[in-house]
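Participant: Attaching a predicted model along with its sequence, questions to come.
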Amino acid sequence: MESQRYLRCLGQPCLFGPNGEPVRFRTKKHLALLVYLAVDARSHRRERLAEFLWPCASLIEARHSLATALSILRPRVGRDALETSRDHVRLLPGRIALDLQRLQTGDILGTEITGPLEVAAFLDNFDVPDSTEFTHWKDGQQARLLPLIKDALVVLIDRCRRTGDSRQIEQLADRMLALDDLSEQAIRAKMEARAFAGDRLTALQIFESWKAKLADDLQALPSDLVEGMAVRLRRRGWERTTLTHIPNVPTDQWRGRRFIGRSAEYRVLYEAWEGIRTGAPGHVLVLGDSGVGKSTLVERLTTAAGLEGAAVTRVQCYDLEREIPYSTISGLVLGLLDRPGVSATPSESLAELARTVPEVRHRFPAIPPAGDSQGESARIRLTEAFHDMVVAVAEEHPVILVVDDLHLADDVSLAVLHLMMRRARGQPIMVLLVARPGELPQSPQAEKLRTAGAALGIKEMELQPLTEHESLELLQSLIPDDQPRPGQAVQRALLRGAAGYPMVLELLVQDWEASGEQSLALSVDAMTTDPGSGGPAAGVYRKILDRITRSLNPTTHNVLNLASLLGQRLNDPSMYGLVDLSVG
């Protein structure tokens, strides 16, 4: 049986042959005739078709043009696809697959074989100038299909939102705005795309223009979600906002940074974020080596969630703070102090938190003194107080707690976090833990938390290095369009040196832009899997360190020289006065 042809009617129409290659038509009317026969799948009188597409010609000339068009269509659609007689013409059902069939059945996302449906307006920018009746028919079909097309675009936008593909979101949003310039879904998508491009001012301008048009045309107001997104994007005092209690969401860090190679992992995080709003457990442990992109992945999710209203607090753990009890929990509490809803925390809980985090009493000076407690009872009371604060904030907005470098967190904080997660089941609270798997065993409490992951609803996700294709795509995105591109040999050296680690690739590209042929990726023979293959390892590392040292400014150089001598007093700020560095 002959393979089926495929006719695209959404957007610019096109017929694809059995091999997937587009079939060319020299005359637009021949393609218009095929579209009409395929969409209106019934028997048509020849006179009617002739008048429909060739209204300016005489009936004899029009019928001749129709006969010519049918003779051209027949080999392109299959010789048995057209059923013709002296008076009637019909395209037999099932001989040509239509994208409209997928649209009407809701098959938008497709499969690995078919792929997602390309959605746009019906016969977008396709006209037959001398056929007014064809234009009227096209307009009628556009109106009939418009609700289905808009719903399909929403599905595609949501898919891109889950995979972090902000560039595709913007393209889909533009298509939707072309169909309905008052669509709130399209404006939301457009704002998200501009935010992830680091262009928040354009996002705000788009919102303000749309809001004014919405008020003029429909006397309507934006939803709380979209209005809240706009408020979160305003950060400077001169930008008008009446909702000052809504926290800001920084987006400038994404300017010029493409999101490459982490779509599947991002989808896991985004679907976990969606799940917590319905009470499903949504905690995630993100594992991976240094520089593989763990923090960037998590930050992208928290930016998206922040735009949608999440209250995000993040703490970065450091080796020097592992022996300081409650240092990790203190960082999380500090991030929640200015969030909406925190004032609803019971005063007794705030007083208990103030024992460990003095800033709580500065924020709420009227809270009562905390009761005396020691040992295990003190830890349990602090856990209950921390849980009360998180729940109070979560009643206003879902909460995301991020612990970066979990393996460096102090043991007492991890015990508090463990107990809090047990008590937070069914509440809109998400915990994102970031760690290097090789160092987790160094922290008994972190290992215990990981072991209890299934009971706590924690999903594990380990990031692998980028593939060669993804690394090449990232490399190309790191070099501005107006700068010279590296040759093939340089690209291979950069990719080999990075070994799939995005942060390493960024640093190597920066070094190549600054040093050219003297860059590390090209001049150090040891940029292979065996550091000693090009000579003694010490010599190679000395060359790398010398290059890094030369790039430091004098103040940083002096501070590091002093730090190398301080030993146990490394964390004593007063010692740095020896190199004229103030405590501030």
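Facilitator: It's in. Residues are numbered from 1 along each chain as shown.
Participant: quick one: the strands in this structure?
Facilitator: Ranges of strands in the chain, per DSSP state E, are 5-8, 14-16, 22-23, 44-45, 82-84, 88-91, 96-98, 283-287, 311-316, 399-404, 429-435, 458-462.
Participant: Which phi and psi values does the most centrally placed residue in the chain adopt?
Facilitator: With distances taken as Cα atoms, centre = their mean, the residue of the chain nearest its centroid is Gly164 (2.2 Å). Main-chain dihedrals, Gly164, degrees, to the nearest 10: phi 80, psi 20.
Participant: How much space separates the nearest residue to it once chain neighbours are set aside from Cys160?
Facilitator: Spatial nearest neighbour of Gly164, chain neighbours left out: Tyr266 (4.1 Å); criterion: Cβ to Cβ, 6 or more residues apart in numbering. C-betas here are computed from N, CA, C, even on glycine. In this view, Tyr266 and Cys160 are 11 Å apart by Cβ to Cβ, to the nearest Å.
Participant: ok, longest helix in the chain?
Facilitator: helix 132-163 (DSSP state H).
Participant: Only the buried residues of that helix, if you could.
Facilitator: Counting neighbours by 16 or more other Cβ atoms under 10 Å, one finds that the buried residues in helix 132-163 are 134, 137-138, 141, 145, 148-150, 152-154, 156-163.
Participant: How about stretch 485-502?
Facilitator: Applying 16+ other Cβ under 10 Å to stretch 485-502 flags Pro486, Val490, Gln491, Ala493, Leu494, Leu495, Gly497, Ala498, Gly500, Tyr501, Pro502 as buried.
Participant: I figured the first one was touching Gln476, is that so?
Facilitator: Put plainly, it is Pro486. No. Pro486 lies out of contact with Gln476 (Cβ atoms under 8 Å); the separation is 9.7 Å.
Participant: Could you check how far the nearest residue to Leu419 once chain neighbours are set aside is from Pro437?
Facilitator: Of all residues not flanking Leu419 in the chain, Thr383 sits nearest, at 4.7 Å (Cβ to Cβ, 6+ apart). Plainly put, Thr383 is 27 Å away from Pro437 if you go by Cβ to Cβ.
Participant: Those two: who's more crowded?
Facilitator: Using other Cβ atoms under 10 Å as the criterion, Thr383 and Pro437 rank with Thr383 on top: 20 against 14.
Participant: who are the neighbours in contact with the more buried one?
Facilitator: Thr383 makes contacts with Val416, Leu419, Met420, Arg423, as judged by Cβ atoms under 8 Å, 6 or more residues apart in numbering.
Participant: So what's the residue count around the closest residue to the third one other than its chain neighbours?
Facilitator: The one in question is Met420. Of all residues not flanking Met420 in the chain, His387 sits nearest, at 4.9 Å (Cβ to Cβ, 6+ apart). Number of residues near His387 (other Cβ under 10 Å) recorded here: 20.
Participant: you'd agree His387 is up against His418?
Facilitator: No. His387 is not in contact with His418 according to Cβ under 8 Å; the separation is 11.8 Å.
Participant: thinking again about what came up before, what sits against the residue nearest to the centre of the chain?
Facilitator: Counting by Cβ under 8 Å, 6+ apart, Gly164 has contacts Phe259, Arg262, Ser263, Tyr266, Arg267, Tyr270, Arg300, Ala304.
Participant: Show me which of those is closest to Ala81.
Facilitator: Closest approach to Ala81 among the contacts of Gly164 (Cβ to Cβ): Ser263, at 39.0 Å.
Participant: Now do the same contact list for that closest one.
Facilitator: The contact partners of Ser263, taken as Cβ under 8 Å, 6+ apart, are Thr163, Gly164, Asp165.
Participant: Give me the distance between it and Pro129.
Facilitator: Distance from Ser263 to Pro129, by Cβ to Cβ: 43 Å.
Participant: With Tyr501 instead?
Facilitator: 56 Å.
Participant: Look up how far Pro281 lies from Pro428.
Facilitator: For Pro428 relative to Pro281 (Cβ to Cβ), the value is 11 Å.
Participant: The two - which one has more neighbours?
Facilitator: It is Pro428, of Pro428 and Pro281, that has more neighbours when counted by other Cβ under 10 Å, with 25 against 20.
Participant: So, low pLDDT: which residues of the chain?
Facilitator: In the predicted model of the chain, residues 1-3, 235-254, 256, 373-375, 523-541, 543-544, 547, 584 satisfy pLDDT under 70.
Participant: Using the centroid of it, identify the residue furthest from it.
Facilitator: Centroid-distance maximum for the chain: Ile60 at 59.2 Å, with Cα atoms, centre = their mean.
Participant: how about the helices in the stretch 201-350 of the chain?
Facilitator: Under the criterion DSSP state H, counting those that start in this stretch, the stretch 201-350 of the chain contains helices at 224-233, 263-276, 294-307, 327-336, 347-356.
Participant: got it, and the stretch 1-150 of the chain?
Facilitator: If you assign secondary structure with DSSP H, counting those that start in this stretch, the helices in the stretch 1-150 of the chain sit at 28-39, 46-53, 59-77, 99-105, 132-163.
Participant: Would you convert these into TSV that also reports distance to Ala392?
Facilitator: Shown next, in TSV, are these (distance: least, Cβ to Cβ, whole Å):
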stretch	distance to Ala392
helix 28-39	57
helix 46-53	67
helix 59-77	66
helix 99-105	46
helix 132-163	29
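Participant: Of those helices, which is nearest Glu447?
Facilitator: Of all the helices of the stretch 1-150 of the chain, helix 132-163 comes closest under Cβ to Cβ, at 31.3 Å.
Participant: which helices and strands sit right next to the closest one?
Facilitator: Where contact means 3 or more Cβ pairs under 8 Å, 6 or more residues apart in numbering; DSSP states H and E, helix 132-163 is packed against helix 28-39, helix 46-53, helix 99-105, helix 166-179, helix 184-196, helix 263-276.
Participant: Pick the most deeply packed of these.
Facilitator: Most buried of these by mean neighbour count (mean count of other Cβ atoms under 10 Å) is helix 184-196; its value is a mean of 24.
Participant: and it, how far from the chain's centre?
Facilitator: In this view, helix 184-196 has its centroid 12 Å away from the chain centroid, taken as Cα atoms, centre = their mean, to the nearest Å.
Participant: one step back: now render the contacts of Ser263 as TSV, adding distance to Val286.
Facilitator: As requested, these are exported to TSV (distance: Cβ to Cβ, whole Å):
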residue	distance to Val286
Thr163	17
Gly164	14
Asp165	20
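Participant: between those, which is closest to Leu91?
Facilitator: Nearest to Leu91 among those, counting by Cβ to Cβ, is Asp165 at 36.6 Å.
Participant: Backbone torsions only: list them for that closest one.
Facilitator: Torsion angles, degrees, to the nearest 10, at Asp165: phi -90, psi 80.
Participant: Need the nearest residue in space to it, chain neighbours excluded.
Facilitator: In space, Asp165 is closest to Ser263, 6.7 Å off (Cβ to Cβ, 6+ apart).
Participant: re the thing from before, which one of the helices of the stretch 1-150 of the chain lies nearest to Ile169?
Facilitator: Ranking the helices of the stretch 1-150 of the chain by proximity to Ile169 (Cβ to Cβ) places helix 132-163 first, at 4.5 Å.
Participant: quick check: angle from that closest one to helix 184-196?
Facilitator: 50 degrees (axes from the mean of the first three to the mean of the last three Cα atoms, to 10 degrees).
Participant: hang on, the earlier thing: got the helices of the stretch 201-350 of the chain as TSV, with distance to Ala514 columns?
Facilitator: Formatted as TSV, the helices of the stretch 201-350 of the chain follow (distance: least, Cβ to Cβ, whole Å):
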stretch	distance to Ala514
helix 224-233	34
helix 263-276	31
helix 294-307	23
helix 327-336	35
helix 347-356	45
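Participant: Out of these, the one nearest Ile108 is which?
Facilitator: Ile108 lies closest to helix 263-276 among those, at 16.5 Å (Cβ to Cβ).
Participant: and that closest one with strand 429-435, angle?
Facilitator: 150 degrees.
Participant: Alpha carbons of helix 263-276, in CSV - could you do that?
Facilitator: The C-alpha atoms that make up helix 263-276 are tabulated as CSV, following Å, rounded to 0.1, in the frame of the first residue of the first chain:
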residue,chain,number,x,y,z
SER,A,263,14.9,19.9,29.3
ALA,A,264,14.1,16.5,30.8
GLU,A,265,15.6,17.3,34.2
TYR,A,266,13.8,20.7,34.3
ARG,A,267,10.5,18.9,33.5
VAL,A,268,11.0,16.7,36.6
LEU,A,269,11.5,19.8,38.8
TYR,A,270,8.6,21.8,37.2
GLU,A,271,6.1,18.9,37.5
ALA,A,272,7.2,18.5,41.2
TRP,A,273,6.5,22.2,41.7
GLU,A,274,3.1,21.8,40.1
GLY,A,275,2.4,18.8,42.3
ILE,A,276,3.0,20.6,45.6
